[in-house]
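Quick one, fold the following:
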Amino acid sequence: MILAPALTLSAGSGAAIVRPTFSRDFAGEKTLNNGTGPAITFTRASNATFFNASGVLQTAANDAPRFDHSGGSSLGLLIEEARTNLLLRSAEFNNASWTKANATITANSATSPDGGSNADTLVEDSNSAAHAASQTVTYAASTPYSFSVFAKQLNRSWIFLQLATTPFGAVTRAWFNLANGTVGTQNNGTGTITSVGDGWYRCTLFATSTVGGSGVSAMHITTGDAVATHTGDNTSGIFIWGAQLEAGAFPTSYIPTTTAAATRSADNAVVTPISSFYNQAEGTLFAEGTSNHLTNSLAALVSIDDTTANERIQIRRGTQSNLLNIVVADGGSPQASIDTATSSWASATEIKRIALALKADDLAVSMNGATALTDTSATLPTVTRMVIGFGPNSQYVSGHIRKLAYWPKRLTNTLLQQLTT
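Numbering: from 1, shown residues only. Now for the predicted structure:
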């Protein structure tokens with residue numbers, strides 16, 4: 001799809017050429033302000049990590065946008081909520097912050113995902129036991145947690161992650177096959193595995209605590225699926241790097257730590273004022289992107305608002321599982337809330353393209369080429385800014401914004417389908 005075509009629409013007795021007055025192709029251009037319309041102001045009060053086109057983990061400075069990649073493919077502008085890595089010495093497993101049980105650490109023995117010679121090897125001893133490195137943390141009650149580590153096979157190809165039994169109500173584990181990048185047995189939690197290149201995988205165990213209290217986050221070298229203990233040979237191991245424990249229902253970009261827990265601040269991308277490109281009477285808003293929030297999230301790909309929820313137009317995830325929601329509010333009153341069918345956005349890596357046409361009593365939205373859904377009884381708000389990946393009453397998308405565009409004209413429903421196909 002070409003994002004910024006010259007679109008010809010009927011206009012009285014003649015024809016008008018309508019081009020986007022605001023457009024950005026973050027995935028294609030990999031920069032913040034190439035395109036039409038005013039500049040985007042980007043802030044983040046901390047550094048943050050992302051993968052470059054070569055598959056190497058990089059660190060972006062404060063207030064620097066991140067154009068993320070996977071397998072060499074450009075994903076777009078990464079927008080994430082604030083998160084804290086609760087584990088200390090996240091890439092120094094030989095440090096005393098990590099307890100080694102029937103295992104040893106060989107430090108700085110392999111090239112890590114950040115390109116440095118700083119990955120460690122977790123080596124089993126000869127005991128018949130569990131072979132692990134762990135760290136004790138304090139968990140809050142009734143809170144989702146994601147425990148992740150980058151791992152690569154050496155002469156063992158299985159790892160399992162485990163969260164403390166007491167805060168999570170039962171033994172909570174997931175096994176991961178580092179030879180083929182698959183998730184094995186899962187007990188009381190959910191495991192995911194993602195390739196980051198060069199044989200490295202990011203393995204994640206997700207679970208929700210039941211009570212608060214102290215407990216371990218542990219990574220175990222093992223010999224096969226569902227094997228919790230085995231007799232070691234005193235030489236076999238796996239490579240590990242970049243452990244992270246964060247409160248949240250999915251893992252976010254890696255946050256390195258040393259002597260204390262560390263927080264990555266939220267990404268904020270805003271356009272204000274919008275008067276140079278925005279038509280308060282009618283228009284069409286296009287967004288393409290992904291979101292890690294999969295359930296009950298209200299995570300916004302884009303919001304056009306007056307800094308409050310009283311005057312807003314948002315493209316976001318809905319309050320039910322895996323659906324898209326369009327919300328329009330004017331004068332503090334809901335004017336429209338259009339949902340797609342459930343199970344329409346089932347994956348965190350699934351790219352969605354949405355076009356929303358706006359005019360009083362004449363709204364329509366199409367997603368990924370579907371027939372437009374309409375609303376014929378809505379007034380439009382008076383708005384002053386565009387927020388990318390966030391908005392009033394909506395969570396951070398914690399995903400990738402690939403493209404954005406705005407036309408100062410209510411495009412036809414047919415064009416909405418064409419734009420999103």
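
Packing partners of the lengthiest helix in the chain?
As assigned by DSSP state H, the longest helix anywhere in the chain is helix 413-420. If contacts are counted by 3 or more CB pairs under 8 Å, 6 or more residues apart in numbering; DSSP states H and E, helix 413-420 sits against strand 282-289, strand 352-359, strand 363-367. Yep, even glycine has a C-beta here, placed from its N, CA and C like the rest.

Redo the ones you listed as TSV? Include distance to Leu324.
Converted to TSV, the helices and strands packed on helix 413-420 look like this (distance: least, CB to CB, whole Å):
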stretch	distance to Leu324
strand 282-289	10
strand 352-359	6
strand 363-367	6
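
Mean neighbour count for the ones you listed - can I get that in CSV?
Below are the helices and strands packed on helix 413-420 laid out as CSV (neighbours: other CB atoms under 10 Å):
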stretch, mean neighbour count
strand 282-289, 24
strand 352-359, 23
strand 363-367, 25
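
Could you dump these into JSON lines and include mean pLDDT?
Putting the helices and strands packed on helix 413-420 into JSON lines (pLDDT from 0 to 100) gives the following:
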{"stretch": "strand 282-289", "mean pLDDT": "98"}
{"stretch": "strand 352-359", "mean pLDDT": "96"}
{"stretch": "strand 363-367", "mean pLDDT": "95"}
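
closest one to Ser337 among these?
Nearest to Ser337, of all those, is strand 363-367, at 10.5 Å by CB to CB.

Name every strand pairing with the helix or strand just after that closest one and say which way it goes.
Downstream of strand 363-367, the first helix or strand assigned by DSSP states H and E is strand 373-375. Sheet pairing of strand 373-375 (DSSP bridges) gives strand 363-367 (antiparallel).

Pull the residues that contact the partner strand.
Strand 363-367 is contacted by residues 324, 326, 328, 336, 338, 340, 344, 352-357, 372-376, 378, 413, 416-417, 419-420 when judged by CB atoms under 8 Å, 6 or more residues apart in numbering.

related to what we said a few turns ago, list the buried residues of the longest helix of the chain.
Residues of helix 413-420 classed as buried: 413, 415-420 (neighbour count, 16 or more other CB atoms under 10 Å).

Out of the residues you listed, the closest to His131 would be?
Checking the buried residues of helix 413-420 against His131 with CB to CB, the nearest one is Thr420 at 50.6 Å.

wait, doesn't that closest one sit right on Ala357?
No. At 11.4 Å, Thr420 does not count as touching Ala357 under the criterion of CB atoms under 8 Å.

Identify all contacting residues around stretch 307-317.
285, 287, 291, 293-294, 297-306, 323-332, 345, 354, 356, 358, 380-385, 391-394, 397.

Pull the contacting residues for Trp345.
Applying CB under 8 Å, 6+ apart to Trp345 gives the contacts 291, 294, 317, 322-324, 352.

Could you pull up the contacting residues of Tyr201?
By CB under 8 Å, 6+ apart, the neighbours of Tyr201 are 150-152, 176, 178, 181, 193-195.

From the residues you listed, which land in strands?
The strands, defined by DSSP state E, take in 150-152, 176, 193-195 from the contacts of Tyr201.

from the residues you listed, which two are the most distant?
Longest span within the ones in strands among the contacts of Tyr201, CB to CB: Lys152 and Thr194, 12.9 Å.

which of the two has more neighbours?
More neighbours surround Lys152 than the other of Lys152 and Thr194, with 22 against 16 (other CB atoms under 10 Å).

give the contact list for the spatially closest residue to the more buried one that is not a sequence neighbour.
Leaving aside its chain neighbours, Lys152 sits nearest to Phe239 (4.1 Å; criterion: CB to CB, 6 or more residues apart in numbering). By CB under 8 Å, 6+ apart, the contact set of Phe239 is 109-110, 119-122, 151-154, 200.

Same list (the residues you listed) but as a markdown table, adding pLDDT.
Listed next are those as a markdown table, based on pLDDT from 0 to 100:
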| residue | pLDDT |
| --- | --- |
| Ser109 | 98 |
| Ala110 | 98 |
| Ala119 | 98 |
| Asp120 | 98 |
| Thr121 | 98 |
| Leu122 | 98 |
| Ala151 | 98 |
| Lys152 | 98 |
| Gln153 | 98 |
| Leu154 | 98 |
| Trp200 | 98 |
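
Counting only helices, which of the residues you listed make the cut?
Per DSSP H, the contacts of Phe239 never map to helices.

Restricted to strands, list those.
The strands, defined by DSSP E, take in 109-110, 119-122, 151-153, 200 from the contacts of Phe239.
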